[in-house]
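S.K.: here is my input; please provide its structure:
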Amino acid sequence: MTSLRKTVSSLNLLATFESAARHASFTVAAAELGVTQAAVSQQIKVLEREMNTALFVRAHRRVNLTPAGQALATTISTSFTQIAEMVETIRQPAIPDTVAIGITLAFNQFWLLPRLPEFRARHPHIKLRLIADDASTDLRRAGLDVAVRYGKPPFEDATSIASCQDHAFPVCSPALLANLGIAPDTADIVKLPLIASDIVNPTWMPWRSWAKTVGLGPALGKASDLSKLRFNHYSDTVQAAINGEGVTMGWQVLLSNQLREGILVRIGSPSVTPQERHHIVVPKGHRATATVQAFLDWIMERFAAEA
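M.R.: Residues are numbered from 1 along each chain as shown. Prediction:
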């Protein structure tokens with residue numbers, strides 16, 4: 001096979017010829033290539049000299065291909081097209097370096113944020129955009145790459161790729177029990193100050209639902225109705241409990257750090273394991289980029305470790 005380098009002194013000659021042939025104009029080719037018309041004319045003369053034949057018939061303000069020029073132009077055009085297609089095939093797409101994450105306020109505050117330094121140390125080049133909201137948001141419309149949802153699939157706009165079960169039980173500050181002179185395993189919840197919640201979502205296990213599930217009867221529900229402290233955000237009820245204001249519903253996964261460090265303590269043994277779970281979800285039909293996949297791999301690893 002004859003080497004192209006031995007046949008033509010410069011590939012630039014062929015690129016210049018292809019542009020001039022395609023436009024049938026040295027002037028237009030010069031504008032496309034960012035050179036002068038004289039430079040194009042000179043390169044065509046060099047190529048014709050190397051070919052030992054004329055490639056263009058010069059006319060006023062226009063050039064026409066000779067039969068030899070037409071044959072060369074067809075071959076070069078086909079070759080350039082094939083090269084361009086191959087470049088596009090093998091070129092790796094630019095990978096966005098930002099991951100958009102939808103997450104509930106409580107999960108963000110109590111679970112994700114304390115663990116985030118680990119991910120950022122492992123992937124310092126990845127940018128994270130956290131959208132914390134308790135309202136259910138369509139992932140595609142919101143431009144989210146991944147979300148953490150509490151509930152039961154199927155989800156209309158998303159596919160669950162991993163999940164983590166949680167358990168609900170009463171918790172309070174150890175200082176509260178110490179002040180009352182009560183041990184956590186023998187405490188009567190009904191007689192303790194309850195922190196009530198006005199969270200509309202029933203999956204967040206209000207006191208009445210929890211008491212009914214564990215068979216404690218209506219007394220606990222009535223006591224929560226009479227509570228002197230109510231919040232509409234779960235994170236506020238937890239902070240109030242940490243401050244020693246009373247007893248709130250604790251979730252083992254969400255409050256694992258507070259329970260492990262003794263900031264909050266579990267009261268009694270009754271516990272409820274809801275059918276709902278914390279789910280890692282991605283938009284339906286969406287193919288994760290390498291950046292998004294890095295975050296997914298990390299959070300699924302943490303879910304598996306803490307299950």
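S.K.: in the lengthiest helix in the chain, what's buried?
M.R.: Among the segments of the chain that qualify as a helix by DSSP state H, the longest is helix 67-90. Residues of helix 67-90 classed as buried by neighbour count (16 or more other Cβ atoms under 10 Å): 69, 72-73, 76. From N, CA and C alone the C-beta is placed, and that goes for glycine too.
S.K.: so residue 69 sits against residue 51, correct?
M.R.: No. Counting by Cβ atoms under 8 Å, residue 69 stays clear of residue 51, with 9.1 Å between them.
S.K.: one step back: give the other helices and strands that the longest helix of the chain contacts.
M.R.: helix 11-23 (3 or more Cβ pairs under 8 Å, 6 or more residues apart in numbering; DSSP states H and E).
S.K.: other SSEs contacting the helix or strand following the helix it packs on?
M.R.: Per DSSP states H and E, the first helix or strand lying C-terminal to helix 11-23 is helix 26-33. Contacts defined by 3+ Cβ pairs under 8 Å, 6+ apart place helix 26-33 against helix 11-23, helix 37-51.
S.K.: dump these to a markdown table, plus mean pLDDT, mean neighbour count and distance to residue 62.
M.R.: Shown next, in a markdown table, are the helices and strands packed on helix 26-33 (pLDDT from 0 to 100; neighbours: other Cβ atoms under 10 Å; distance: least, Cβ to Cβ, whole Å):
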| stretch | mean pLDDT | mean neighbour count | distance to residue 62 |
| --- | --- | --- | --- |
| helix 11-23 | 91 | 19 | 10 |
| helix 37-51 | 92 | 16 | 13 |
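S.K.: quick revisit: show residues contacting the helix or strand just after the longest helix of the chain.
M.R.: Toward the C-terminus, helix 67-90 is succeeded by strand 98-103 as the next helix or strand (DSSP H and E). Contact with strand 98-103 is made by 112, 126-133, 137, 139, 142-148, 291-292, 295, as judged by Cβ atoms under 8 Å, 6 or more residues apart in numbering.
S.K.: return the subset of those lying in strands.
M.R.: 127-132, 146-148 (DSSP state E).
S.K.: pick the one among those closest to residue 234.
M.R.: For the ones in strands among the contacts of strand 98-103, the residue nearest residue 234 by Cβ to Cβ is residue 132; the value is 12.2 Å.
S.K.: show the pLDDT at the nearest residue to that closest one once chain neighbours are set aside.
M.R.: With Cβ to Cβ, 6 or more residues apart in numbering as the criterion, residue 132 has its nearest non-adjacent residue at 4.3 Å, and that residue is residue 108. We note a pLDDT of 94 for residue 108 in this prediction.
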